[in-house]
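1. Fold the following, please.
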Amino acid sequence: MKKRNYILTVILAAAVLMTGCGEKSDKKAESAADQNSTGDVLDFDAEEYVKLGDYKGLDVTYPSVQEITDQDVEQYIQEQLEENIEYKEVDRASKEGDTVNIDYTGTINGEEFEGGSDTEYDLELGSQDFLPEFEESLVGKKAGETAVFTLTFPSEDYDESVAGQEAEFTVKINSVSETVTPEYNLDFVKSISDYETLEEYEASVKEELITYAEDESETEKGEHALRLVMNEAELKGFPQTLYDFFYEDTVSGYKSFAEMQGMEYEEFLESFMSEEDIKEVVEEQVNDHLISQAILQKEGVALTDEEYAKTGEELAVSEGYGSLEEYEEDYGKISVTAQMVREKAIDILKESVNLQEVPWDEYDEYGEDLDSEDEES
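-> Residues are numbered from 1 along each chain as shown. Model prediction:
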């Protein structure tokens with residue numbers, strides 16, 4: 001188990017890599033700007049690196065469409081309320097649940113240590129982003145006050161330079177803010193949508209959740225098929241230019257995430273991912289593309305300029321862009337092309353699969369369904 005940062009805890013989810021959600025950061029856009037053409041990155045013979053196993057007539061399981069209940073709608077609405085939380089600065093002593101803006105300095109044996117100091121940091125008391133003793137020492141403090149206290153870092157799961165050692169912290173409280181969660185009413189609905197009644201809004205939410213569930217069910221047919229092909233394929237290396245592209249693109253995404261969290265990239269690596277972890281992520285992307293390209297070559301299928309333009313426009317519009325050119329400005333032609341290659345490969349696989357539906361609440365995309373098929377093959 002990797003050592004976690006002794007001050008900051010951030011949940012790193014799959015969403016980090018899915019940069020298609022939301023706006024692209026400046027750094028990501030700059031990286032995409034270097035992808036004006038596919039160059040030699042995607043110019044290779046996939047069959048030099050991939051030997052495909054069976055890829056037609058696969059037995060593929062997929063989840064049924066999840067039934068959307070009133071409880072699901074309520075949960076979605078609650079998430080919307082939480083996303084629109086506001087912070088109101090207050091002139092009183094802090095309590096659990098408040099957010100305090102702080103400057104803090106930590107020392108061990110009189111010397112500051114790496115990662116133990118910061119300024120203008122917003123900390124929600126009770127969030128367990130920091131050590132419990134740290135947060136508890138700030139409860140009951142007002143803006144302008146300074147807290148000085150000591151704590152001992154646990155011996156396990158912490159950086160070796162501080163594990164088991166006593167540290168002294170000096171923390172200045174810059175401000176105290178309370179959390180204000182909006183009330184679910186018509187005014188709130190009108191502030192986030194164009195609907196005029198709660199009934200219309202709730203109906204739209206349910207429809208959106210149903211559409212998402214249908215898309216998830218349909219998408220998994222192809223994703224499961226591609227995973228099966230990858231399990232059976234023999235991989236023999238990779239084009240270095242392809243690896244370098246995915247590596248730079250991945251690192252750029254992680255750097256953007258670190259920046260959003262107010263972290264240096266080096267701190268991100270120390271806290272969440274080693275260089276080996278990043279290489280593993282990159283190799284998975286490389287292998288995914290190699291196998292997708294190998295399927296197209298095996299079928300004698302190529303992505304023509306006309307098809308790229310047509311599909312690219314459709315993709316751009318579906319992602320909320322005005323044109324393919326705008327989409328390419330954020331993602332780059334290499335990434336867009338790789339995405340299209342993957343989708344064409346999945347379309348080919350789906351044409352011949354033998355489908356078996358599994359109840360959505362029993363389906364495990366990386367669990368028993370896939371493992372059982374591997375054992376049978």
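
2. Could you use CA atoms for every contact and neighbour count after this?
-> Noted.

3. Are there helices or strands packed against the longest helix that the chain contains, and which ones?
-> If you go by DSSP state H, the chain has its longest helix at helix 198-232. The contact analysis (3 or more Cα pairs under 8 Å, 6 or more residues apart in numbering; DSSP states H and E) places helix 198-232 against strand 59-63, helix 70-83, helix 186-192, helix 275-299, helix 333-350.

4. what mean pLDDT does the shortest one have?
-> To tie it back to what came earlier, the one meant is strand 59-63. Averaged across strand 59-63, the pLDDT comes to 96.

5. try the fourth one
-> Across helix 275-299, the average pLDDT comes to 95.

6. residues of the following helix or strand past that helix that come out buried?
-> Using DSSP states H and E, the helix or strand that follows helix 275-299 in sequence is helix 305-318. Within helix 305-318, the residues that count as buried by 16 or more other Cα atoms under 10 Å are 308, 312-313, 315-316.

7. out of the residues you listed, which one sits closest to Val176?
-> Of all those, Val176 sits closest to Ala316, with 43.2 Å by Cα to Cα.

8. from the buried residues of helix 305-318, which single one is nearest Lys190?
-> Scanning the buried residues of helix 305-318 for proximity to Lys190, where the rule is Cα to Cα, the winner is Ala316, at 28.0 Å.

9. so what pLDDT did the nearest residue to Thr61 once chain neighbours are set aside get?
-> Distance criterion Cα to Cα, 6 or more residues apart in numbering; nearest residue to Thr61, sequence neighbours excluded, is Gln356 at 4.7 Å. We note a pLDDT of 96 for Gln356 in this prediction.

10. which residues touch Gln356?
-> 59-62 (Cα atoms under 8 Å, 6 or more residues apart in numbering).

11. ok, Ser292 - how many residues close by?
-> Look at Ser292: counted by other Cα atoms under 10 Å, it has 26 neighbours.

12. Could you do Thr219 as well?
-> 14.

13. before we move on, back to that, mind putting the buried residues of helix 305-318 in JSON lines, distance to Leu198 and pLDDT included?
-> Shown next, in JSON lines, are the buried residues of helix 305-318 (distance: Cα to Cα, whole Å; pLDDT from 0 to 100):
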{"residue": "Tyr308", "distance to Leu198": "42", "pLDDT": "94"}
{"residue": "Gly312", "distance to Leu198": "37", "pLDDT": "93"}
{"residue": "Glu313", "distance to Leu198": "35", "pLDDT": "95"}
{"residue": "Leu315", "distance to Leu198": "32", "pLDDT": "91"}
{"residue": "Ala316", "distance to Leu198": "32", "pLDDT": "94"}
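
14. Which one of those is nearest to Lys350?
-> Distances from Lys350 to the buried residues of helix 305-318, taken by Cα to Cα, are shortest for Leu315, at 19.8 Å.

15. Can you give me the separation between the closest one and Asp215?
-> 15 Å (Cα to Cα, to the nearest Å).

16. thinking again about what came up before, quick one: which of the buried residues of helix 305-318 is nearest to Lys221?
-> Leu315 (20.0 Å).

17. Just after whichever strand or helix holds Tyr121, pick out the following helix or strand.
-> According to DSSP H and E, Tyr121 maps onto strand 118-124. Going down the chain from strand 118-124, the next helix or strand is helix 132-136, by DSSP H and E.

18. Check which residues of that next one are buried.
-> Buried residues in helix 132-136 (16+ other Cα under 10 Å): 134-135.
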